[in-house]
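>>> I'd like to go over a predicted model; first the sequence, then the structure.
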Amino acid sequence: MAPRTVGSEGIYVAAGALAVVATVGGIIAHRPYHATAWMIHAGGLAALVTGEALWWQQLAAGEDPTRSLADPAYLAGGVLMALSLALRVRETVAVRDVFASIDASIVALAGGVLAWVAVVEPLLGDPTVTTTDRIWSLAYPVVDVLLLAAVARLLCCTQGATPSTRMLSGGLLLFLGADLWFQVAERLGRYEEGAPVDLAFMLAYTVLGAAGVDASMAEQHHVTSVDSQIGRRRLMVLGIAALLPPMVLIAEVLGIEAPTKAALAGPAIATVVTFVLALLRMTSVVRSVETHTARAGEDRFEALVEHSSDVIGVVDKEGMIRYMSPAFRTALGREPDDHVNMALRSIAHPDDVSTLTTHLYQAATRPAHATSRFETRLLATDGSIREFEVVAANLVQNEVVDGLALTMRDITDRKALAAELSHQAFHDSLTGLANRALFADRVDHALHRRRRDPQCDVAVLFVDLDDFKAVNDGLGHGAGDALLRAVGERIVRCLRVGDTAARLGGDEFAVLLEDDRAPGEATTIANRILEALHVPVSVGDMDLGVVASIGVTVANSGSSTVGLLRDADIAMYEAKRTGKGRVCVFDPAMRDMASDRLSLQTDLSTAIESGNLRTVYQPIVDLQTGLVRGAEALSRWAHPDRGDIPPDVFIPIAEQTGLIVPMGEWTLRHACAEAAVTGGTVGVNVSGVQFAAPTFLATVADALEVAQLPPSRLTIEITETALMADTDATAVLLDHLRDVGVRIAIDDFGTGYCSLAYLQRFAVDIVKIDKAFVAELDGASKGDRLARTIMQMADSLDVTMVVAEGIETEAQLARLRDLGCRYGQGYLLSRPLERDAYRQLVAEHLVEARNAGAEVMAPVRTTLAEVPLPAPPPRLEDFMDVGRSGPAAGPAPASLADALDSSELGAMPGSLSSTH
Ligand code: C2E
Ligand code: MG
Ligand code: MG
């Protein structure tokens, strides 16, 4: 820095003064972060301008401005500006950056060498210069180097510098360059006013003024990190700066004139110092590589944490959030930063707050690094509840973490799926009610509670729909399902919140009633359910009233789950057995009956195979002629231990188990074969279950064909109730049977609930008056009326035959004859006969009929051996007359038939042999 001539001074002073005003204005307007530094800077500028003004004043006064007051002003300006820069650095973390200081020193040394060569060394070697002048002249390069060092130090720690910082450094560097240029020119005596260097000074002032007024001057000096890493540009500047002292040294040595010691001293010292500084700088490079490696590891770890789908977080010992990874935002819609210093429990589900606190406390008191695992529910910002599986590692001892490291996995969906699966495993998919497994479990728990508190009543209801099969078969499974759903809903509506309704399968429902109920309330609820079901349910375009049978059982102190369910089932069965559509409360006697039934059921399944089933024949007699017209085939079961079991007992069991179908077929085939051999007609009882089987028609046709029995000799006896089960289908089936020629009889006529009008829909040939009405005929006039009414009803059905059942007395016989009843069967006429006895009887009667010129239905075969009858083989021989001589070819040899045809049939015997 050196004074200049007067001509251009006015412009410098003006430019400098403007820069001062701009900077002060900037400080006032922008209130900068580095306010003090800027004020010192403004002071420095002002000192410079003062120097310029003093210099100008000296020149104007015609005096030599050198070695005036202008010198200290100029120097103070330089020092103040360097101080201002140092203060900026001090006010940032960059002050700790030792390597930036080294780099700045290298640059300053290079500048110093240039100043040495250009200014200092010539000054020292000039004997004409006075010592005072020499001191003042040397002060300028020293201050310049100081300012250069300050600028370099600032730039070394600046990344992403603001426009103001750029202009400040640029202006100062321009000023330093211009000043060096000026000093050299001045020393060589080449400086003239208005030289280009003046322009450089003016430009420098302008740029510095702009730096002071720009809005970015308000910002903090921008330091992104304390980093000793060397960028490419910095490396280039450092390289040039470090090379400068040795180059100057070499130039001096190789120069034209022999170098003086003084000329060598400066560059030599600078070279040595630069070398030492460069060595120091190398350690920073090594450290930088190490830091870089460490940082790479950290970065990887950070990337893992940042991108993990699990929420990773740190909470302190008190459960206050210290950190949450970005997944916190994804999982809960919460901003991680907003939650720092908030308690984790403050975002927990209210029910989980205390358990979460306990879990965190326990995790923090476990040994260092030990992990614990727990689940908790946290609240998302959208109001949803998310479930987390948390693994908490105790890192309280770790200085950096100083808390619990949490890895939280969102398991909401997993839990929901598990809940769905378990719901499916324990619920009926059709009705949504509990299934058998869950129901049993609930009963189990209820019984446990009852054991603790015997006041707690536990009752189980078993609900079974009556004739549900008819809905399923008649209206389709869709309708059946809709009905079951409606039934489920209605049952639930009759219950309290704590009760359980279940669907056990098919049309079976169950109800568990718990807690202090008044005695007998279970029955009341059962009746309420029955009533609720009675209200018709709309299924498709039909309204169906549902009838159910309900069994009720109440637990006692010794009840078990299995026992309770079984007892309710038994009671339900009893309700069905005793008329359906009713409620039955369990009684221990029912259990014996049920087990009895169960053992019969087991035995019955082997009855056919073990040959214990047989058929007997009860003759049906023409009451006018006394001749046997045919017989009704009746099944008999000779139980190996219990003796003969009546059909009233085993037929219902066979119907329930479905055994009735093979059993019925067996009877049908044997009866047809028998009629073919014996002659006459045969009536076979068919239950509703058989009738509903799709193979029924084919079975009948096949039995007739195999036996070669004319269809008109077979009568299918079906009860009124069975007829009503599925009226349309039944009507069609009956029509088919009649088309084939088979005759249809309504059995037990008068005992069902059907109206006459209803019965008229069916094509029926025979009506069999139930024995209950015949029994009424013994004298009393009421019975007479009843029998007459039944006879009239039968007549109006347009039937060809009326058969009275159960004739036991002569009086009944006489009355029936009087009433015009043509046919009858009963103990008076004959008990059901074993096959041989029956044959014998028919043979006699056929002869008689022939003689009397009556209708004769002679045998069509001579032997059963030709008829391929179904199993069982062992007993089959019993039915064969002539052993297994093989099937006879061609038409049956009519020996027996012929004999029968030619024999005489007498009047109806007064008594017939009986087996019953
Ligand atoms: P049902 O078809 O009305 O048969 C007549 C029943 O009255 C027979 O009883 C017969 O022995 C009995 N009976 C005949 N005469 C008299 C009498 O004078 N007084 C009295 N008190 N009873 C008399 P059984 O053989 O015990 O059969 C009972 C019922 O079992 C039958 O009534 C029939 O509905 C059913 N049943 C018998 N065998 C079969 C069969 O193979 N299949 C089917 N589905 N049902 C059968
Ligand atoms: Mg019958
Ligand atoms: Mg009958």
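Received the coordinates, thanks. Ligands and ions are numbered 1, 2, ... in the order given.

>>> which bits of the stretch 651-800 of the chain sit near ligand 3?
Residues of the stretch 651-800 of the chain found near ligand 3 (CB under 5 Å from the ion) are D747, D748. No exception for glycine: its C-beta is placed from N, CA and C like everyone else's.

>>> show me what residue of the stretch 651-800 of the chain gets nearest to ligand 1.
Using CB to the nearest ligand atom, the single residue of the stretch 651-800 of the chain nearest to ligand 1 is N685, 3.5 Å away.

>>> so what pairs up with that residue in the strands?
Counting by DSSP bridges, N685 forms beta bridges with E717.

>>> can you name the residues that contact it?
Each residue near N685 by CB atoms under 8 Å, 6 or more residues apart in numbering is listed here: E632, A633, L634, S635, T667, E717, I718, D747.

>>> ok, these vs L168, which is closest?
I718 (117.2 Å; CB to CB).

>>> per-residue pLDDT of L623, please?
On the pLDDT scale, L623 is placed at 93.

>>> cool, V649 as well?
88.

>>> on that earlier part again, among the contacts of N685, which lie within strands?
Under the assignment DSSP state E, these contribute E632, A633, L634, S635, E717, I718, D747 to strands.

>>> quick check: beta-bridge partners of the last one?
In this structure, D747 bridges to T719 when assessed by DSSP bridges.

>>> how many neighbouring residues does the nearest residue to R582 once chain neighbours are set aside have?
In space, and not counting its chain neighbours, R582 is closest to A575: 5.1 Å by CB to CB, 6 or more residues apart in numbering. Using other CB atoms under 10 Å, A575 is surrounded by 26 other residues.

>>> what residues are up against A575?
Contacts for A575 (CB under 8 Å, 6+ apart) come out as S549, I550, G551, R582, V583, C584.

>>> and what of G209?
Counting by CB under 8 Å, 6+ apart, G209 makes contact with A15, L18, A19, V20, V21, A22, T23.

>>> thinking again about what came up before, which ones among the ones in strands among the contacts of N685 also lie next to ligand 1?
The subset of the ones in strands among the contacts of N685 within reach of ligand 1, by CB under 6 Å from any ligand atom, is L634, S635, E717, D747.

>>> neighbour-wise, give me the winner out of those residues.
Highest neighbour count within those: D747, with 26 neighbours (other CB under 10 Å).

>>> how close does that residue get to G806?
12 Å (CB to CB, to the nearest Å).

>>> cool, and A638?
Using CB to CB, A638 is found at 24 Å from G806.

>>> do the same with V621
Taking CB to CB, one finds V621 at 13 Å from G806.

>>> these two: which has the busier surroundings?
Taking neighbours as other CB under 10 Å, V621 and G806 compare with V621 leading, 28 against 18.

>>> is the helix or strand encompassing the more buried one anywhere near ligand 3?
Assessed by DSSP states H and E, V621 sits inside strand 613-622. No - judged by CB under 5 Å from the ion, strand 613-622 stays clear of ligand 3, getting no closer than 10.2 Å.

>>> does that strand come close to ligand 2?
No - contact of strand 613-622 with ligand 2 is not found when judged by CB under 5 Å from the ion; the minimum separation is 9.0 Å.

>>> next, count neighbours for the residue of the stretch 501-650 of the chain found nearest ligand 2.
Going by CB to the ion, ligand 2 is nearest to E632 of the stretch 501-650 of the chain, at 5.4 Å. Neighbour count for E632, taken as other CB under 10 Å: 24.

>>> chain neighbours aside, what residue packs nearest to it?
Nearest residue to E632, sequence neighbours excluded (CB to CB, 6+ apart): G683, at 4.1 Å.

>>> please apply the same query to A486.
Leaving out its chain neighbours, A486 is closest to V537 (CB to CB, 6+ apart), at 4.3 Å.

>>> now do the contacts for the one you found.
Listed by CB under 8 Å, 6+ apart, the contact set of V537 reads A482, L483, A486, V487, D543, L544, G545, V546.

>>> those in helices, which ones?
Cross-referencing the contacts of V537 against helices under DSSP state H gives A482, L483, A486, V487.

>>> can you report how many residues neighbour the third one?
Right, the one you point to is A486. Neighbours of A486 under the rule other CB under 10 Å: 19.

>>> likewise for L829?
Neighbour tally, L829, other CB under 10 Å: 23.

>>> from memory E335 sits against P326, does it?
No - in this structure E335 lies outside contact range of P326 using CB atoms under 8 Å: 9.7 Å.

>>> which residue does the stretch 201-350 of the chain have closest to ligand 2?
Nearest residue of the stretch 201-350 of the chain to ligand 2: H349, at 71.4 Å (CB to the ion).

>>> so what's the residue count around that residue?
By the criterion of other CB under 10 Å, H349 has 16 neighbours.

>>> quick one, helices of the stretch 301-450 of the chain?
With DSSP state H, counting those that start in this stretch as the definition, the stretch 301-450 of the chain shows helices at residue ranges 327-332, 353-364, 412-426, 436-452.

>>> not counting its own residues, what contacts the longest one?
When you say that, I think you mean helix 436-452. Counting by CB under 8 Å, 6+ apart, 425-427, 434, 456-458, 460, 500, 502, 504-505, 510, 512, 514, 555, 557, 559-561, 564-565 sit against helix 436-452.

>>> what do you get for the first one?
The set of residues external to helix 327-332 that reach it, using CB under 8 Å, 6+ apart, is 308-313, 334-336, 339, 347, 378-381, 386, 388, 408, 410.

>>> buried set for it?
By neighbour count on 16 or more other CB atoms under 10 Å, the buried set for helix 327-332 is A327, F328, R329, A331, L332.

>>> again, but for stretch 396-404
Along stretch 396-404, these residues count as buried under the neighbour rule (16+ other CB under 10 Å): V396, V401, G403, L404.

>>> show me where the stretch 101-250 of the chain has helices.
121-125, 131-156, 163-187, 196-213, 232-254.

>>> what about stretch 603-618, near ligand 1?
Yes - counting by CB under 6 Å from any ligand atom, ligand 1 is contacted by stretch 603-618 at Q618.

>>> return the alpha-carbon coordinates of that stretch using PDB.
What follows is stretch 603-618 as a C-alpha-only set of coordinates in PDB (Å, rounded to 0.1, in the frame of the first residue of the first chain):
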ATOM      1  CA  ASP A 603     -76.700-103.400  15.700                       C
ATOM      2  CA  LEU A 604     -79.200-102.500  13.000                       C
ATOM      3  CA  SER A 605     -76.500-101.600  10.600                       C
ATOM      4  CA  THR A 606     -75.400-105.200  10.600                       C
ATOM      5  CA  ALA A 607     -78.900-106.700  10.700                       C
ATOM      6  CA  ILE A 608     -79.200-107.400   7.000                       C
ATOM      7  CA  GLU A 609     -75.700-108.900   6.700                       C
ATOM      8  CA  SER A 610     -76.100-111.100   9.700                       C
ATOM      9  CA  GLY A 611     -79.400-112.400   8.400                       C
ATOM     10  CA  ASN A 612     -81.400-111.200  11.400                       C
ATOM     11  CA  LEU A 613     -83.900-109.400   9.200                       C
ATOM     12  CA  ARG A 614     -86.900-111.200   7.800                       C
ATOM     13  CA  THR A 615     -90.300-110.600   6.400                       C
ATOM     14  CA  VAL A 616     -93.600-111.900   7.600                       C
ATOM     15  CA  TYR A 617     -96.900-111.700   5.800                       C
ATOM     16  CA  GLN A 618    -100.200-110.700   7.200                       C
END
